[in-house]
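Peer 1: here's my sequence, what's the structure:
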Amino acid sequence: MAIEAKPPGIAAGRQRRERAMRGEGKFYLTDETGRRIFGPGPAELLEQVERTGSLRAAAQKMGLSYSKALKILHTAERGLAMPLVSTEAGGLGGGGSTITPQAQALLAWFRQARQAVEETARAQLDRLPRDGQ
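Peer 2: Have a look, this model is predicted:
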């Protein structure tokens, strides 16, 4: 996420340049060791599975190998202690993947939490000291 604002003023006697400044904040869930278990990447993967009905197709849309997508998914499922995707084996009728009700709830919560982080970052950037403050 990126938040844009103008930089604080430059000291008197120096030429003032106007440049855009961005504040960035990232929101992740981590385990007790600080290892990331869920964030924007796994959230996007779940969203793509929901759209495509396939983990393989979701991985392809994101430019990931299937094995990398599977690793991301398994890391999140282990860390969160909940199933995120259900799969049906392929065959004549084809297989597929769907996200679980727990994953749907997690995505809804994650979107709200991420929006709250963005709003907080934006509010803090607005408080950045400027000329004469």
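Peer 1: for the longest helix along the chain, buried residues please.
Peer 2: For the chain, the longest helix by residue count, based on DSSP state H, is helix 101-126. By neighbour count on 16 or more other C-beta atoms under 10 Å, the buried set for helix 101-126 is 103, 106, 107, 110, 114, 118, 121. C-beta: built from backbone N, CA, C; applies to glycine.
Peer 1: list the helices and strands it packs on?
Peer 2: Judged by 3 or more C-beta pairs under 8 Å, 6 or more residues apart in numbering; DSSP states H and E, the packing partners of helix 101-126 are strand 2-5, strand 21-24, helix 40-52.
Peer 1: next one: the helix or strand that the last one is followed by to chain centre, how far?
Peer 2: Just to be clear, that refers to helix 40-52. Downstream of helix 40-52, the first helix or strand assigned by DSSP states H and E is helix 55-62. Centroid displacement of helix 55-62 relative to its chain, using C-alpha atoms, centre = their mean, to the nearest Å, is 17 Å.
Peer 1: ok, residues contacting helix 55-62?
Peer 2: Residues outside helix 55-62 that contact it (C-beta atoms under 8 Å, 6 or more residues apart in numbering): 44-45, 48-49, 51-52, 65-66, 68-70, 73, 85, 87, 97.
Peer 1: residue 45 and residue 116: what is the separation?
Peer 2: 22 Å (C-beta to C-beta, to the nearest Å).
Peer 1: ok, residue 101 next?
Peer 2: On the measure of C-beta to C-beta, residue 101 and residue 116 end up 23 Å apart.
Peer 1: same check, this time on residue 77
Peer 2: For residue 77, the distance to residue 116 - C-beta to C-beta - is 25 Å.
Peer 1: for residue 60, grab the count of nearby residues.
Peer 2: Look at residue 60: counted by other C-beta atoms under 10 Å, it has 15 neighbours.
Peer 1: for residue 74, that is, sorry about that
Peer 2: Per other C-beta under 10 Å, the neighbour tally for residue 74 reads 12.
Peer 1: next one: residue 79
Peer 2: 17.
Peer 1: does it count as helix, strand or coil?
Peer 2: With DSSP: H, G, I helix; E, B strand; the rest coil as the basis, residue 79 sits in helix.
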